[in-house]
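> Got a predicted model here, sequence first, then my questions.
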Amino acid sequence: MIVGSAVAVSPFAAASITYLLFERRFRMFWAGAPLPAVEVRVAAPYRMGTVVPGHTHKAPSIVRWAAISCFFFGQMFVPGLLLGLIGLVAMGVGLISIPGLIVAARLWAAGIHLLKGTPEAIGKARSAARWSVQLNSLISVVCIAGGVFTGVAYLRTSYYEREDLGALLVVLALTQAYAIGSFAQAALIARATHDLVSDDELSREDVLPRWMRSALSRRDARRSLA
């Protein structure tokens, strides 16, 4: 029980510790940056003005949350590497884990880039998110196709032959759930960095694919009407 709890908590603890180590170190990059301007009513009637309410001393909260998520997903490099090494012994199957290892390493580094907040660093973080979306889109296609074929086979086999197919369905479902979490994490990076790059950069380097941007736009529109 204790060992199981420790294993379940350790990824969150490791991501939090990594964040704490780097966040304070890179606060200097944010010190003195103006907060977003807000509109206030001035003395003249029906007149509004914009003022800067103050200056920051650390990264905005959404940037910090995005950085923690990068450390959480990026640390999957370690178990992925171990599984890949085991897979190499099994007729080189572990080679398929290489793209995932590259994305995990880029995401972990993206956490540091986000906390730095420089234009170059932000660009690298957004690039890591794009890599993640592309890889997990491919993984989703494989999981959905594999789930359909495995589900059909599961229904057509006898009760005593379903154990292995049921285990495969569970693996595919967990893999798809991780991919969905990765999409959400990429969307968080996109939202966190939206105000940190110019419009020209946004038009050239969209983090999310068109279908994800359309879905998020529809969600925001529904929330605005609620």
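The structure has been received and is ready for your questions.
> In space, what's closest to the spatially most central residue of the chain - neighbours in sequence excluded?
The chain has residue 185 as the residue nearest its centroid, 2.4 Å off, counting by CA atoms, centre = their mean. Leaving aside its chain neighbours, residue 185 sits nearest to residue 69 (4.7 Å; criterion: CB to CB, 6 or more residues apart in numbering). To be clear about C-beta, it is placed using only N, CA and C from the backbone, and glycine gets the same treatment.
> so how far is the helix or strand in which the one you found is found off the chain centroid?
Secondary structure from DSSP states H and E places residue 69 in helix 61-74. Remark: helix 61-74 is offset 8 Å from the chain centroid, using CA atoms, centre = their mean, to the nearest Å.
> model confidence over that helix, on average?
Helix 61-74 carries an average pLDDT of 93.
> swap in stretch 188-198?
Per-residue scores along stretch 188-198 average to 84.
> how about that stretch: buried residues?
In terms of neighbour count (16 or more other CB atoms under 10 Å), stretch 188-198 has its buried residues at 188-193, 196-197.
> Tell me which residues are up against that stretch.
36, 60, 62-63, 65-66, 69-70, 110, 114, 117, 119, 122-123, 125-126, 128-129, 202, 205, 207-208 (CB atoms under 8 Å, 6 or more residues apart in numbering).
> for stretch 107-124, same thing?
Contacts of stretch 107-124 (CB under 8 Å, 6+ apart): 18-19, 22-23, 25-26, 29-30, 59, 63-64, 66-71, 73-75, 77, 125, 128-129, 132, 185, 189, 192-193, 196-197, 201, 205.
> any idea how far residue 60 is from the residue nearest to the centre of the chain?
Remark: distance between residue 185 and residue 60 (CB to CB, to the nearest Å) = 17 Å.
> repeat for residue 206
21 Å.
> between those two, which one's more packed in?
Each of residue 206 and residue 60 has its neighbours counted (other CB atoms under 10 Å); residue 60 has more, 17 against 14.
> Residue 148 versus the more buried one, what's the distance?
42 Å.
> show me where pLDDT drops low in the chain?
1-8, 32-56, 80-96, 159-160, 198-205, 226 (pLDDT under 70).
> residue boundaries of the strands in it?
38-41, 48-51 (DSSP state E).
> Going by neighbour count, list what's buried in stretch 121-140.
Burial within stretch 121-140, assessed by neighbour count using 16+ other CB under 10 Å, is assigned to 121-126, 128-133, 135-136, 139-140.
> How about exporting it as CSV, limited to the C-alpha atoms?
Once non-C-alpha atoms are left out, stretch 121-140 reads as follows in CSV (Å, rounded to 0.1, in the frame of the first residue of the first chain):
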residue,chain,number,x,y,z
ALA,A,121,12.9,30.4,-25.1
ILE,A,122,9.2,30.9,-25.7
GLY,A,123,9.7,29.9,-29.3
LYS,A,124,11.4,26.6,-28.2
ALA,A,125,8.6,25.9,-25.8
ARG,A,126,6.0,26.3,-28.5
SER,A,127,8.0,24.1,-30.8
ALA,A,128,8.0,21.3,-28.2
ALA,A,129,4.3,21.6,-27.9
ARG,A,130,3.9,21.3,-31.7
TRP,A,131,6.1,18.1,-31.7
SER,A,132,3.9,16.7,-28.9
VAL,A,133,0.6,17.4,-30.8
GLN,A,134,2.0,15.8,-34.0
LEU,A,135,3.2,12.7,-32.2
ASN,A,136,0.1,12.2,-30.1
SER,A,137,-2.1,12.7,-33.2
LEU,A,138,-0.4,9.8,-34.8
ILE,A,139,-0.6,7.8,-31.5
SER,A,140,-4.4,8.6,-31.4
